[in-house]
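In: coords please:
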Amino acid sequence: MIYKSLMVFLLSTLASSCAFIDLQKELEKIAVTGTIHGRIIDKSNEESSLILIVYDKKKKIVKYKCLHDNADYYAFLLPAWEKYHLVLFEDNNHNLKYDQDEPAGYWTNPENRALPVSGKFIIDLVISNNTKIPYLYSTEIKNLDASYGDTFMIKTGEIADINNKRFSPEYGYKGLWTPLKFLDEDGVGIYFLEEYDPEKIPIIFIYGIGGFPQGWKTFFKKIDRSRYQPWFYYYPSGLRIGKTGKALNIIVHELHVKYNFKSMYIVAHSMGGLVASEFIKRNISKPQNNYIKLFLSISTPWGGDKDAEWAKYAPAVIPCWKDLSPDCEFIKKLSPDYLGSEIPYFLLFSYHGDRKPFRRNNDNVVYLSSQLKYDMQQRAEKIYGFDLNHTQILSDQGVIDTCNAIFEKYDKRK
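Out: Numbering: from 1, shown residues only. Now for the predicted structure:
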């Protein structure tokens, strides 16, 4: 969430501020960066340490990361146009180098492909006792400078303390203005608040632009935790909405492979509803995925945000703003078809606005005309309006009671 007053303030008075300077640096980095990511398959020891090393075309180490616990996914943000190789091994004796008796896997880029700008390679690495890393790859990392270490992590179900600072408003700001820095230092993923319980239905909570997990604390406390387990999507909200929804789909897929849950609910606030729609569209495109059983959006700008058009006058444009203008491709293509025809959908909106004479009806952030885009009203099972502003709606007891009643109605385990 981001207040209109903040938007105006930023665009009119911070043209040379640190925020825009940092954003410009981020955009320059995004313009020359690609991604390599994939699964880690067939680990022999779930508790072992994993070391993953990236090499350039000359077999020189570019980056490495140490993975622990039950890591089953990896990702690197890397300079584009280089031709990379990958090596992975279980460091069972913790000497920070590969030994011939340790399970390993590697990818030698057999097609000699260069990583494209803003593109990706999806490389699944299979670990095997029968794989031996060629001697031409140096694997000792203990004496490398710390700058070679890569901390970008994808979390698939790590248990979180919601009071941790990284889930606070400060990090919501960071994720909006410096999304690559957020990814590099804090990663992306779905976090749990408790151990996975197959008897409870998971509910994924998705915040919006500038949002942060602690914004959901009241919801987490007041849903029926004996029947439902709250999960939350942790991501930098400044990135393009399509990419953010795609990443969520990949992470949910990994969780489904791991736990094979039969039902999942989604609750999304503000721009988070747009992220959710992209995720759902991708998820249901595979017929075997039939576990999304309910979707609730709260104060979502289905018709985009007219004020996002002001971004063109800013010295640098946050990537997600490009997907919020009513005339942008993302909003123009967005339709109820993204949600399919089988998933029950409920539209909750807020309407306690700033009442300024030159602004259309709003909730202090999003225009009502956008929240109540007609085709989304038609798609909804029911529509609920609340005399609250854009942020109050996340902690109001009446809103939470409404959501709890909807959860119960669609809980088929009764």
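
In: mind checking pLDDT for Phe89?
Out: Listed pLDDT for Phe89 reads 94.

In: Apologies, that question was intended for Asn362.
Out: pLDDT, read off for Asn362, is 89.

In: same question, Glu46
Out: pLDDT, Glu46: 58.

In: Repeat that for the one 4 residues further on.
Out: In this prediction, Leu50 carries a pLDDT score of 90.

In: list the buried ones in stretch 114-128?
Out: Of all the residues in stretch 114-128, those buried under the rule 16 or more other Cβ atoms under 10 Å are 115, 121, 123, 125-127. No exception for glycine: its C-beta is placed from N, CA and C like everyone else's.

In: Taking those together, which two end up most distant?
Out: Using Cβ to Cβ, those span at most 23.0 Å, a distance reached by Leu115 and Ile127.

In: Partner strands of the helix or strand where Ile204 lies, with direction?
Out: Element membership for Ile204, per DSSP states H and E: strand 201-206. Using DSSP bridges, the strands paired with strand 201-206 are strand 228-234 (parallel), strand 264-269 (parallel).

In: Dump those strands to TSV, plus mean pLDDT, mean neighbour count and distance to Asn95.
Out: Compiled in TSV, those are given as follows (pLDDT from 0 to 100; neighbours: other Cβ atoms under 10 Å; distance: least, Cβ to Cβ, whole Å):
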stretch	mean pLDDT	mean neighbour count	distance to Asn95
strand 228-234	98	23	33
strand 264-269	98	26	42
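
In: Those into JSON lines, with extra columns for distance to Gly175?
Out: Converted to JSON lines, those look like this (distance: least, Cβ to Cβ, whole Å):
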{"stretch": "strand 228-234", "distance to Gly175": "9"}
{"stretch": "strand 264-269", "distance to Gly175": "15"}
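
In: of those strands, which approaches Lys97 most closely?
Out: strand 228-234 (32.6 Å).

In: Pull the residues that contact the closest one.
Out: The contact list for strand 228-234, computed with Cβ atoms under 8 Å, 6 or more residues apart in numbering, reads 155, 157, 160, 167, 186-194, 196-197, 200-207, 213, 216, 219-220, 223, 248, 251, 265, 272, 275, 407.

In: again, only this time at 6 Å
Out: 189-193, 197, 200-206, 213, 220, 248 (Cβ atoms under 6 Å, 6 or more residues apart in numbering).

In: For Ser335, which non-adjacent residue is closest in space?
Out: Spatial nearest neighbour of Ser335, chain neighbours left out: Asp375 (6.4 Å); criterion: Cβ to Cβ, 6 or more residues apart in numbering.
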